[in-house]
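K.L.:
Pasting the sequence and the predicted model now:
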Amino acid sequence: MNVYQLARAQFADGTVRMAPATEHAAWKEVPSPVVELSIPPVASPALIGALLEAHRPSRLTFYGSFLNAPTHGASTLEAILDNPATEGLRSLSLFSFAIGDEGAARLAACPRLTGLERLSLRRGKIGARGLAALTRSEVLARLVGFEIDVGKLSPALVQAICKATFAPGLTELTLHHANDKALSELGGLERLTSLTLSAQDQPSPTLGGKAVALALGRLPGRFRRLDLEVKDSPGAELVAVLAEERFSDLDTLVLLGFQLRAADQAALAAGSIRKLRSLTWSSPTDFVAEGRRFLAANQGLEELRLWVRSFAGAVPVVAQLPLRTLHLQGGSGMDAAAVEALATSSTLRLERLDLSDLGLRADDVKSLLASPWAAALRALDLSSNPLGDDGLAHLGAASLERLEELSLSSVDATTAGVAALLRAPWPQLETLALMYNRIDAAVEPLFLSQPATAHLRYLGLPATLFTDPRLQALTNL
């Protein structure tokens, strides 16, 4: 069972349940109404129909994050559109639905979707005809959020979106395969507060910082969220726009692939962005003193993903933020001073921590696990660090009773290290990744006998290590 093959239901009381997509009975009788139902690509049209009828969610999401994910087609779309339970949907996300232009037209004309407020169509093989049907639809007139992925995003297609029946009320827009030429027509969406422009998955750089800056200049709204993804492009023009007062309300900022040099980082630090709760910063440049001042100015940050060539000196600033999520990535790794700054922080409120591939060793892990925030961790990724068996032993001795996800791939561990790791009770652990270590078949009795494995739904190890069917089912087949 692959971790991506789990159906996921979020209930009105805030709890989340996960089960194999073929075992709907695992949470069928739960009385709490379902807010969001997330379904993997392996689910059949019949199962999807049964899930809809039983739970009548307000949000329906289909997902698939692995390369060989099956693609849904017309029969699955019909199972949704023909189901009376669809009338209660407010959000619909169809990832990897190859519905094409005909399916897009069918969706645009479905009277059960008149209450829909958000529609996401990613990898749908939709072209100009399908997009025209969507943008002219009276059924979709209430949309406030729209995500579209077309193979060639032309200026005409962007024009159609800006003139759509739902354009006057549009507050959230995501455009994949964005390019300079198409963005020349983006403008006039007066209520837009959230914008995602992505060119990351294109074979060649077709979207640059200058075009993004010009597009933002034509959009009059006060933005709350910006997700801007390019391929190694200068960021000076973009930074100049972000310094404007109308971006002072930003709470989420994603900058991927921009060359943010010292002068650009200084301009951001001097600008009006001071209310960020979430920041993702990925740049082929170093994170320097000016960038650290920008971090320090946003004292409300709760999520930080910093992927740069070097973040030397940034960790002491990071340690003074009330972060719940932290992901650091840099070729220079983490030195002893950075480890100490994190380990001794009383400000961090971490629940999710990713320090993969930073050169951490067993003693570093021991220091981090003794920190004031460690007991609250729900997800921890220490993959690609030379931790060895001693590092796994430190994890097994730590008090991490809330941990749900643990990734330890490529950490130079052996079966003996896994034995030490599994001495911990791990009362809530559902995901454990141990790929690319020196682990042999002697690990099987450890997983069969230790209480640490009682709640596992995914085990990242080769299925060939196991003879027990239950363990084989948990592995990444």
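P.N.:
Thanks, I have the structure now. Keep in mind that what you see is a predicted model, and the values were worked out from it rather than measured.
K.L.:
Tell me where the model's unsure across the stretch 351-477 of the chain.
P.N.:
476-477 (pLDDT under 70).
K.L.:
And for the stretch 1-150 of the chain?
P.N.:
For the stretch 1-150 of the chain (pLDDT under 70), the answer is 1-9, 11-32, 41-42, 64-73.
K.L.:
where exactly do the strands run in it?
P.N.:
6-11, 16-20, 34-39, 59-62, 91-95, 118-126, 145-150 (DSSP state E, counting those that start in this stretch).
K.L.:
With the stretch 351-477 of the chain instead?
P.N.:
352-354, 379-381, 405-407, 431-433, 458-460.
K.L.:
closest to Ala164 out of those?
P.N.:
Of all the strands of the stretch 351-477 of the chain, strand 352-354 sits nearest to Ala164, with 36.4 Å by C-beta to C-beta. Every C-beta, even on glycine, is put in place using the N, C-alpha and C of the backbone.
K.L.:
what comes up buried for that closest one?
P.N.:
Neighbour counts over strand 352-354 (16 or more other C-beta atoms under 10 Å) mark 352-354 as buried.
K.L.:
Check which strands are paired with that strand and give the direction for each one.
P.N.:
Note on strand 352-354: by DSSP bridges, its sheet partners are strand 325-330 (parallel), strand 379-381 (parallel).
K.L.:
Reformat those strands into a markdown table and put distance to Ala43 next to each item.
P.N.:
Listed next are the strands paired with strand 352-354 as a markdown table, based on distance: least, C-beta to C-beta, whole Å:
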| stretch | distance to Ala43 |
| --- | --- |
| strand 325-330 | 29 |
| strand 379-381 | 25 |
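K.L.:
number of nearby residues for Arg470?
P.N.:
Neighbour count for Arg470, taken as other C-beta atoms under 10 Å: 12.
K.L.:
How about Ser356?
P.N.:
Neighbours of Ser356 using other C-beta under 10 Å come to 20.
K.L.:
Test my guess that it contacts Leu382.
P.N.:
Yes: at 6.4 Å, Ser356 counts as touching Leu382 under the criterion of C-beta atoms under 8 Å.
K.L.:
Need the overlap of contacts for these two.
P.N.:
Taking C-beta atoms under 8 Å, 6 or more residues apart in numbering as the contact rule, Ser356 and Leu382 both touch Ser407.
K.L.:
List phi and psi for the closest residue to Leu400 other than its chain neighbours.
P.N.:
Leaving out its chain neighbours, the residue that sits closest to Leu400 by C-beta to C-beta, 6 or more residues apart in numbering is Leu377, at 5.9 Å. Leu377 adopts backbone torsions of phi -60, psi 140, taken as degrees, to the nearest 10.
K.L.:
Return the residues in contact with Leu377.
P.N.:
Counted by C-beta under 8 Å, 6+ apart, Leu377 has contacts 350-353, 400, 402-403.
K.L.:
If you go by neighbour count, which of the residues you listed are buried?
P.N.:
The buried subset of the contacts of Leu377 (16+ other C-beta under 10 Å) comprises 350-353, 400, 403.
K.L.:
Using CSV, lay out the residues you listed together with distance to Lys210.
P.N.:
Converted to CSV, the buried ones among the contacts of Leu377 look like this (distance: C-beta to C-beta, whole Å):
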residue, distance to Lys210
Leu350, 37
Glu351, 38
Arg352, 34
Leu353, 36
Leu400, 47
Leu403, 45
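K.L.:
Max pairwise distance over these: which two?
P.N.:
Maximum distance among these (C-beta to C-beta): 12.9 Å, for Arg352 and Leu400.
K.L.:
can you list residues touching both of these two?
P.N.:
In contact with both Arg352 and Leu400: 377, 380, using C-beta under 8 Å, 6+ apart.
K.L.:
would CSV of the buried residues of strand 352-354 with distance to Phe294 be doable?
P.N.:
Formatted as CSV, those follow (distance: C-beta to C-beta, whole Å):
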residue, distance to Phe294
Arg352, 22
Leu353, 22
Asp354, 21
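K.L.:
Out of those residues, which is nearest to Leu183?
P.N.:
Once C-beta to C-beta is applied, the member of those that ends up nearest Leu183 is Asp354, at 31.7 Å.
K.L.:
does the closest one have beta-bridge partners, and which?
P.N.:
Beta-bridge pairing for Asp354 (DSSP bridges): His327, Asp381.
K.L.:
got the contact list for it?
P.N.:
326-329, 379-381.
K.L.:
Buried among these? Need that as a selection in ChimeraX.
P.N.:
Entered in ChimeraX, the line below selects the buried ones among the contacts of Asp354, by 16+ other C-beta under 10 Å:
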select :326,327,328,329,379,380,381
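K.L.:
Of the strands of the stretch 1-150 of the chain, which is nearest Glu340?
P.N.:
That would be strand 16-20 among the strands of the stretch 1-150 of the chain, by C-beta to C-beta, at 35.0 Å.
K.L.:
can you redo the contacts of Leu377 as CSV with distance to Gly130?
P.N.:
Shown next, in CSV, are these (distance: C-beta to C-beta, whole Å):
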residue, distance to Gly130
Leu350, 43
Glu351, 40
Arg352, 37
Leu353, 42
Leu400, 48
Arg402, 45
Leu403, 44
